[in-house]
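> Kindly generate the corresponding structure for this input.
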Amino acid sequence: MNELTKSELSNLLFKVSVKAIHELCNGSEDPLFIQESIEYYSRTRPILELLQIMNIDNISNSEKEIEFILSPNYLEKNRYIALTNYLNELKWIFKLPNYESDYEHDYEDEEGAVSWLSRGQVEIISINNETLQMDLATFQSTV
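Next comes the predicted model:
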């Protein structure tokens, strides 16, 4: 059994975070709609299947820091894995960078939503050492 590294975990959390943002925005690829959806939900704690948003810091119109945890739905469905690996203590921030748009040029020159989201970064802010003892394949199979 291969233990999980922080880098592997960050990559997996990045993927599920982007997927959750797409779910939050009903799959929209319009950067403005994504920004507005994130701002709309900044006062609530929506559950997005696997994840729950705990907090959103609106740093600027497009720059956001979204704090995620695994949702109660995920923890219930995967309770054995979640309890033995302390997944309920896992918390991270998805840092969404400033959206780069060029209003003076054609719309085609603007950065798309996929490119924008792919520039995001994950910062793990709470993790139990037992979580890193978990096998990557096991965790991947649950998300």
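> hey, let's count contacts and neighbours off CA atoms from now on
Fine.
> okay, now the residue nearest to S37 when sequence neighbours are not counted: neighbour count?
In space, S37 comes closest to C25 once its chain neighbours are excluded; the distance is 5.9 Å by Cα to Cα, 6 or more residues apart in numbering. By other Cα atoms under 10 Å, 18 other residues sit near C25.
> ok, C25 - contacts?
Each residue near C25 by Cα atoms under 8 Å, 6 or more residues apart in numbering is listed here: F33, I34, S37, I38.
> pLDDT averaged over the host helix or strand of the third one - what is it?
Which is S37. Assigned by DSSP states H and E, S37 belongs to helix 31-40. Taken as a whole, helix 31-40 has a mean pLDDT of 86.
> Just give me how far it sits from the chain centre.
Distance of helix 31-40 from its chain centroid, counting by Cα atoms, centre = their mean, to the nearest Å, is 15 Å.
> which residue is nearest the middle of this structure?
S17 (2.0 Å; Cα atoms, centre = their mean).
> Name the nearest residue to it, sequence neighbours excluded.
F94 (6.9 Å).
> you'd agree the one you found is up against I69?
No - assessed by Cα atoms under 8 Å, F94 is found out of contact with I69, at 10.8 Å.
> Output stretch 30-37 as CSV, restricted to C-alpha atoms.
C-alpha atoms of stretch 30-37 as CSV (Å, rounded to 0.1, in the frame of the first residue of the first chain):
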residue,chain,number,x,y,z
ASP,A,30,-18.7,31.9,-18.6
PRO,A,31,-16.2,33.5,-16.3
LEU,A,32,-18.5,36.3,-15.3
PHE,A,33,-21.3,33.8,-14.4
ILE,A,34,-18.8,31.8,-12.4
GLN,A,35,-17.7,34.9,-10.4
GLU,A,36,-21.3,35.9,-9.8
SER,A,37,-22.3,32.4,-8.6
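> Give me the contacts around that stretch.
I21, L24, C25, S28, N61, S62, Y99, G112, A113.
> List only buried entries from the residues you listed.
In the contacts of stretch 30-37, burial by neighbour count holds for I21, L24, C25, S62, Y99, G112, A113, counting by 16 or more other Cα atoms under 10 Å.
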